[in-house]
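Could you work out the structure for the sequence below:
(4 chains)
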Number of protein chains: 2
Amino acid sequence: MVLTRETSAGYMANWAARLFSRELERQLAPTGIAPAYMPVLFALADGGTLTQKELTRRAAVEQPTMAATLKRMERDGMIHRRQDPGDKRSALVALTPLALGKVETVERVVTAINALALEQLDVGERRQFLSLLGRVIAVLEAQDADLGS
Amino acid sequence: MVLTRETSAGYMANWAARLFSRELERQLAPTGIAPAYMPVLFALADGGTLTQKELTRRAAVEQPTMAATLKRMERDGMIHRRQDPGDKRSALVALTPLALGKVETVERVVTAINALALEQLDVGERRQFLSLLGRVIAVLEAQDADLGS
DNA sequence: ACCATTTACATAGCTTGCTATCTAAATACA
DNA sequence: TGTATTTAGATAGCAAGCTATGTAAATGGT
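Coordinates of the predicted model:
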């Protein structure tokens, strides 16, 4: 029998991710915050600064992906960079006041979408869902790390 | 408190989807089958033909996404199209013998990756995971359909 | 029969992800 | 000290997703 999408965890994960991202994009459109900006926004929401390397690690994306995201965020006036005084290769990234002013709104939108997505699940199922997703991610991350070595 | 990735279903879904897709790409590289080809490959694995519209529906992507995927598959010698005799706007898509010869291998790879991803879950948890994912998708699909009207 | 609408697909242009590769600065060590 | 390696980031080029829009064929209504 040929695989059906309903029984393929990979296909379902991709599908769910696209639906989340579409909804996020729709609801965040008026703020000028794109889905990929969110890990950066939340990591710097306290007003602090981080290097690109650290942002890359926290967003769990590859370095060139983060470089491109920061370039778009800079273009959109959401971040600025200043020289790292201790390392000339590196810059310290911070949110602009414009971006800082959007953090609360974005947080409300994200929370609402997560709530919508899980609205058919009871409290136990919601915890279970996040926990199972986390365990699946852990296995795949380990595999990824193995092959990257 | 600012959102953390571990408690955001959307972030976790995106993360899991990227890990699945990286692993798939790695393991399918020698076959010349890209992840996006798979819904088409499986839909046509019986040797039959389908229109682009029907393939779009089954893959749950937008029409221009499927148009681009079919273009790459054609470039790679995986599909061919012939005029739909009953509708001059439309073509009937079929797999080439080259692609048909890869179906079994691809199916084995996909099955293995799904098994790997779920290896830390017991049988009940695996069923639960797919079921919860399905319910989340259903809610988001409904929302998407609402807004599209 | 004719025009308006709908439908199937194509194209343009963008985001977000990836790998591969380059440059320049920092670090290690002989 | 001087070279070799490692590290931080940039860039090129591609895949795969999206929205908006265009074109041509099919359909529907008067």
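
Outline the domain layout of chain A.
A:1-32+A:102-143, A:34-101 (automatic domain parsing).

Show me how far the first one is from its chain's centre.
Mean C-alpha position of domain A:1-32+A:102-143 versus that of the full chain (C-alpha atoms, centre = their mean, to the nearest Å) differs by 11 Å.

before we move on, what about stretch A:31-50?
Going by C-alpha atoms, centre = their mean, where stretch A:31-50 is centred and where its chain is centred differ by 9 Å.

That one near DNA strand D at all?
No - applying C-beta under 7 Å from any atom of the strand, one finds stretch A:31-50 separated from DNA strand D by no less than 8.7 Å. No exception for glycine: its C-beta is placed from N, CA and C like everyone else's.

what's in contact with that stretch?
Where contact means C-beta atoms under 8 Å, 6 or more residues apart in numbering or on different chains, the residues beyond stretch A:31-50 that reach it are A:21, A:24-25, A:28, A:54-55, A:58-59, A:66, A:69-70, A:72-73, A:76, A:78-79, A:82, A:92-95, A:99-100, A:102-103, A:105-107, A:109-110, B:2-5, B:11, B:14.

hang on, the earlier thing: which stretch in the domains of chain A has the least confidence?
Here the lowest mean pLDDT among these goes to domain A:1-32+A:102-143, at a mean of 92.

Now do the buried residues in stretch A:119-137.
Buried residues in stretch A:119-137, counting neighbours by 16 or more other C-beta atoms under 10 Å in any protein chain shown, are found at A:121, A:126, A:128, A:129, A:130, A:132, A:133, A:135, A:136, A:137.

next one: stretch A:27-36
In stretch A:27-36, counting by 16+ other C-beta under 10 Å, buried: A:27, A:28, A:33, A:34, A:35, A:36.

For those, work out which two are farthest apart.
Farthest apart among the buried residues of stretch A:27-36 by C-beta to C-beta are A:27 and A:36. That separation is 15.0 Å.

if we can go back for a sec, what about burial for the contacts of stretch A:31-50, which qualify?
A:21, A:24, A:28, A:55, A:58-59, A:66, A:69-70, A:73, A:78-79, A:92-95, A:99-100, A:102-103, A:106-107, A:109-110, B:3, B:5, B:11, B:14.

near DNA strand D too, which of those?
residue A:70.

Could you list which of the buried ones among the contacts of stretch A:31-50 belong to helices?
Counting by DSSP state H, the part of the buried ones among the contacts of stretch A:31-50 found in helices is A:21, A:24, A:28, A:55, A:58-59, A:66, A:69-70, A:73, A:99-100, A:103, A:106-107, A:109-110, B:11, B:14.

DNA strand C next: which of these are close?
Within those, those near DNA strand C by C-beta under 7 Å from any atom of the strand are A:59, A:69, B:14.

so does the helix or strand containing residue A:39 get close to DNA strand C?
Assessed by DSSP states H and E, residue A:39 sits inside helix A:38-43. No - residues of helix A:38-43 are not located near DNA strand C by C-beta under 7 Å from any atom of the strand, the shortest gap being 7.9 Å.

what about dumping the CA coordinates of that helix to CSV?
Coordinates of each C-alpha in helix A:38-43 appear next as CSV, following Å, rounded to 0.1, in the frame of the first residue of the first chain:
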residue,chain,number,x,y,z
MET,A,38,9.6,36.1,16.2
PRO,A,39,12.5,34.1,17.7
VAL,A,40,14.7,37.2,17.4
LEU,A,41,11.9,39.4,18.7
PHE,A,42,11.4,37.3,21.8
ALA,A,43,15.1,36.7,22.4
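
And the next helix or strand past it?
Downstream of helix A:38-43 (by DSSP H and E), the next one is strand A:50-51.

Quick check: neighbours of that following strand in the sheet, parallel or antiparallel?
strand A:91-95 (antiparallel) (DSSP bridges).

Give me the helices and strands touching the helix or strand hosting residue A:64, please.
In the assignment (DSSP H and E), residue A:64 maps to helix A:63-75. Identification of packing neighbours for helix A:63-75 by 3 or more C-beta pairs under 8 Å, 6 or more residues apart in numbering or on different chains; DSSP states H and E yields helix A:38-43, helix A:52-59, strand A:79-83.

Would you tell me which residues of chain A are close to DNA strand C?
Residues of chain A lying near DNA strand C (C-beta under 7 Å from any atom of the strand): A:34-37, A:59, A:61-65, A:68-69, A:72, A:87-89.
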